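[1] Pasted the sequence and its predicted model underneath.
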Amino acid sequence: MSIVRSVLGYTPEIGNDSFVAENATIIGNFTCGKGCSFWYGCVIRADVNTITLGDKVNIQDNATVHCTYKNSPTTIGNNVSVGHNAIIHGCTIQDNVLIGMGAIVMDDCIVGEGCIVAAGSVVTQGKNLTPGTLWAGVPAKEIGPVPVRLRTGEIERIAKNYLKYSSWYKEYD
């Protein structure tokens, strides 16, 4: 059974039509919109600050979303995919973004609308990623604009697929 736990008087608020896997953990001052999914082993830990997600966000297997005490909340917009084993920490991720598998986005970053952060990349503290750009590497560097084929073929496709995948599990709840 998933862990959805209150801390310091804050209880997570999970939007309608969302899926929470049996071993996902969601704690504290957390809210999300509708149609979100939280996959196996992921941790959303809003114990030291707020974490807010929009609609149709998927947090994939073993990803961690956290924030910084009294300093940096985490905000994720609509239609965002956070890949397996990614770490999102004390930052802002705007709408229609793909965070690749194993990527790390550090405190006080802003990931602009329509960006892709490639798998395994590390976006260092305080970076402001221009909307619609592709970032890769350690530390992550701007590669250029996100090609149209990746915008529809990756950002949109993955977000839609995770809505479909989560519907398979809801049938058995």
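    Ah, there it is.

[2] Give me the distance between the residue positioned nearest the centre of the chain and residue 6.
    Residue closest to the average C-alpha location in the chain (Cα atoms, centre = their mean): residue 82, at 4.2 Å. From residue 82 across to residue 6, the span is 23 Å (Cβ to Cβ, to the nearest Å). To be clear about C-beta, it is placed using only N, CA and C from the backbone, and glycine gets the same treatment.

[3] Residue 148 - how many residues pack around it?
    Look at residue 148: counted by other Cβ atoms under 10 Å, it has 8 neighbours.

[4] Identify the residues contacting it.
    Applying Cβ atoms under 8 Å, 6 or more residues apart in numbering to residue 148 gives no contacts.

[5] Quick one: end-to-end length of stretch 76-87, please.
    13 Å (Cα to Cα, to the nearest Å).

[6] With stretch 94-110 instead?
    Using Cα to Cα, first and last residues of stretch 94-110 are 8 Å apart.

[7] Test my guess that residue 145 contacts residue 132.
    Yes: counting by Cβ atoms under 8 Å, residue 132 is a contact partner of residue 145 at 5.6 Å.

[8] so what's in contact with the two at the same time?
    Joint contacts of residue 145 and residue 132 (Cβ under 8 Å, 6+ apart) do not exist.

[9] Just give me the longest helix of the protein.
    In the chain, with assignment by DSSP state H, the single longest helix is helix 157-170.

[10] picking up where we left off before, how close does the residue nearest to the centre of the chain sit to residue 61?
    From residue 82 across to residue 61, the span is 10 Å (Cβ to Cβ).

[11] what do you get for residue 132?
    Applying Cβ to Cβ, the value for residue 132 to residue 61 is 27 Å.

[12] repeat for residue 95
    For residue 95, the distance to residue 61 - Cβ to Cβ - is 23 Å.

[13] hmm, back to that, if I pick the residue nearest to the centre of the chain, what's in contact with it?
    When contacts are counted by Cβ under 8 Å, 6+ apart, residue 82 touches 57-60, 63, 65, 76, 88, 99.

[14] In ChimeraX, how would I select just the buried ones from those?
    To isolate the buried members of these in ChimeraX, using 16 or more other Cβ atoms under 10 Å:
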select :57,58,59,60,63,65,76,88,99
